[in-house]
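A.B. asks: Provided below for reference: sequence and predicted model.
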Amino acid sequence: MSAVFEWLALLLLLLLGAGLVRVWRGPGVFDRMLAAQLFGTGGVATLVLLSIAMQSAVLLDVALVMALLAALAGLALVRLWGRGEDV
């Protein structure tokens, strides 16, 4: 069963590579930020799958911190945009 989780994690990492291209080439700041949020979500999913496969609780803690940081980054961008500042 852990081999299935490892293959799913590998697939997610490949999809994150495609998302990274979008972050790099995005036409605008908000397009790039949305792709970065997707990148954070995929990273969290990958860490959760690896945590299950390796039976490691530490990776779940890292995934939780990563999810919180991704949410805060999105909130910071929206607050800067709401103030009318250049982002």
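C.D. replies: Structure's in. What do you need?

A.B. asks: what sits against the residue most central in space within the chain?
C.D. replies: In the chain, the residue lying closest to the centroid (Cα atoms, centre = their mean) is Gly40, at 1.0 Å. By Cβ atoms under 8 Å, 6 or more residues apart in numbering, Gly40 lies in contact with 66-67, 69-70, 73. Every C-beta, even on glycine, is put in place using the N, C-alpha and C of the backbone.

A.B. asks: so how far is the helix or strand bottoming out on mean pLDDT in the chain off the chain centroid?
C.D. replies: Across the helices and strands of the chain, mean confidence by mean pLDDT, DSSP states H and E is lowest for helix 2-25: a mean of 81. Computed by Cα atoms, centre = their mean, to the nearest Å, the chain-centroid distance of helix 2-25 equals 10 Å.

A.B. asks: stretch 46-63 too?
C.D. replies: How far stretch 46-63 lies from its chain's middle: 15 Å, per Cα atoms, centre = their mean.

A.B. asks: got the contact list for it?
C.D. replies: Residues outside stretch 46-63 that contact it (Cβ under 8 Å, 6+ apart) are 2-3, 5-6, 8-9, 12-13, 16, 43-44, 66.

A.B. asks: what's the answer for stretch 8-27, then?
C.D. replies: Contacts for stretch 8-27 (Cβ under 8 Å, 6+ apart): 31-32, 35-36, 38-39, 42-43, 45-46, 49-50, 53.

A.B. asks: one more: stretch 69-87?
C.D. replies: 29-30, 33, 36-37, 40-41, 44.

A.B. asks: show the buried residues in these.
C.D. replies: In those, burial by neighbour count holds for 33, 36-37, 40-41, 44, counting by 16 or more other Cβ atoms under 10 Å.

A.B. asks: can you pull out the strands in this structure?
C.D. replies: Here the chain has no strands by DSSP state E.

A.B. asks: quick one: low-confidence residue ranges for it.
C.D. replies: Residue ranges of the chain with pLDDT under 70: 1, 85-87.
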